[in-house]
Each structure stands twice: as structure tokens, then as C-alpha cells.
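Undergrad: could you work out the structure for the sequence below:
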Amino acid sequence: MTENEIRAGAFAMPFDNPSYPVGPYRFVNREYLIFTYRTDPALLEKLIPAPLKLAEPVVKYEFINMPDSTGFGHYCESGQVIPVTFNGVPGSYVLSMYLNDQPPIAGGRELWGFPKKFGEPELRVHKDTMMGTLDYSDFRVATGTMGFKHKALDAAPIAKSLGAPTFLLKIIPHVDGKPRICELVRYSLTEIQVKGAWSGPGALVLHDHALAPVADLPVLEMLSTTHIIADLTLPLGEVVHDYLA
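TA: Coordinates of the predicted model:
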């Protein structure tokens, strides 16, 4: 290959057979189980990167099933999202994500800066209960349960919340181990079609784990539990702050 061919064809690794295709990425029948709970604000403050600011001492713990996603196939994901503001505009900061499929781990980290690690999440209906679980190295890290479709919710505010700005701390090291890229990235989901949304009684249990520390943000009060099914598009992001500039 010539240098010009490398520059023209460079997208992702491996060069001749990337782990994922060029976006944007469409998700069909994406299913969420979201537990919103109150936690210790002092602990949250230590985890939110400036210039983001804490909006409220709340965590959204999510289990997400993605049965049909462009280039990524079928996988499940689980993690924590924190309400924040950026220049006074409300949004969310993604703190952690655990999933069971290599292409979206590679693509999520390399393109946007999603904080993705390999885990074994699952989201399913167990008799009358919607249940999400997360295992890390065969150890149960999180269990969330909700009464199945107890109360239907208005789709409009759900779609608005899904389309709000989301922020990521993207870090890619240089070959000497120092950060070569250290940026705050923003994206917003688009083409959102909410097919159904429900609430119900919910419970969330988190277990301590050194390498999957979701329990470091303890559940002090459960605020709401929401089950959502939607089609949506994940576009590419934009850099809103460069820490190395």
C-alpha cells in the first residue's frame, strides 16, 4: 500500500478488515430498563469531569437490549448515566457501560469514547417481571426488577429525554502511554420512534466489585423505573472540550 492509500482508506482497525462499519448506526426495537435512584452527591462530584456540572444527585442505572443494530448485531448492555449540565444546558454523562459484544466495545470506545468494558448483561421477561442482570467475571454485579408493563407512559416526553445531549470522556493513549486524545464528546440520538413506554414497581440491587464498581454509587432512594422500546439512530459525535489544547 502507498501512503496515500493508507490515508484514504484509514477508518478503524484492523486496516483491511475493521471491527465495525462506518456510521451512522440504526437501532431497531432497542429495549431499555432504567432505574432512576438518588445517591450521595459528594460521590457523584468526584466522578463528573469539568466543565460538566452535576444537575442533581441522581443516577440512571440502565439495562439495554439491542436485537438489531447496524454492524454490531445483537447484544446487551448495562451501566450508569448521570444527569449533568454543560454551559447551563441539561444532558447526561455516561459513567460506565458493560456489554457482551466486541464490535460495539471497539467502536464505542474508538469513535465516541464510550466507557465500555466486557461484561455479561441480560434483559428479559421472567413471568410477570421485567428483569435485568449484569455479571462480571461470573460474579453478579447488578440485579434490577420491575413489574411488567404496569402503567403505560406518554411517548413524547420519553422521546425528548432520549434525544437529550449525552457526554463522554474520550481518552486514547499515545504509544508512550501518555494521553494523545483527551476530549469531552457530545452526541444526541436522532430519528427516535418510541414504540412503547411503561412504568411499574422497581427494585435495584448492586454488589461490590473491584473492576465493575457500580455499587460505589449506592442506592439511597428509588425514584422511578421505566421500560422503553424504541427505534433510533446513533450519529457520530462532536468534540466540545479538548483537555490537551
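
Undergrad: quickly run through the sheet partners of whichever strand or helix holds Val59, with directions.
TA: Assigned by DSSP states H and E, Val59 belongs to strand 58-69. Paired neighbours of strand 58-69 in the sheet (DSSP bridges): strand 25-38 (antiparallel), strand 73-86 (antiparallel).

Undergrad: turn the ones you listed into CSV, including distance to Glu120, mean pLDDT and mean neighbour count.
TA: For the C-beta atoms, the positions are set from N, CA and C on the backbone; glycine is no exception. As requested, the strands paired with strand 58-69 are exported to CSV (distance: least, Cβ to Cβ, whole Å; pLDDT from 0 to 100; neighbours: other Cβ atoms under 10 Å):
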stretch, distance to Glu120, mean pLDDT, mean neighbour count
strand 25-38, 16, 98, 20
strand 73-86, 8, 98, 21
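
Undergrad: mind putting the ones you listed into JSON lines with distance to Gly132?
TA: Converted to JSON lines, those look like this (distance: least, Cβ to Cβ, whole Å):
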{"stretch": "strand 25-38", "distance to Gly132": "5"}
{"stretch": "strand 73-86", "distance to Gly132": "7"}
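
Undergrad: of those strands, which approaches Met146 most closely?
TA: strand 25-38 (6.3 Å; Cβ to Cβ).

Undergrad: now the helix or strand following the closest one: buried residues?
TA: Once strand 25-38 ends, the next helix or strand along the chain (criterion: DSSP H and E) is helix 41-45. Across helix 41-45, burial judged by 16 or more other Cβ atoms under 10 Å covers Leu44.

Undergrad: and what of stretch 111-121?
TA: Those would be 111-116, 119-121, for stretch 111-121 by 16+ other Cβ under 10 Å.

Undergrad: same thing with stretch 125-132?
TA: Neighbour-count burial for stretch 125-132 [16+ other Cβ under 10 Å]: 130-132.

Undergrad: how long is that stretch end to end?
TA: 9 Å (Cα to Cα, to the nearest Å).
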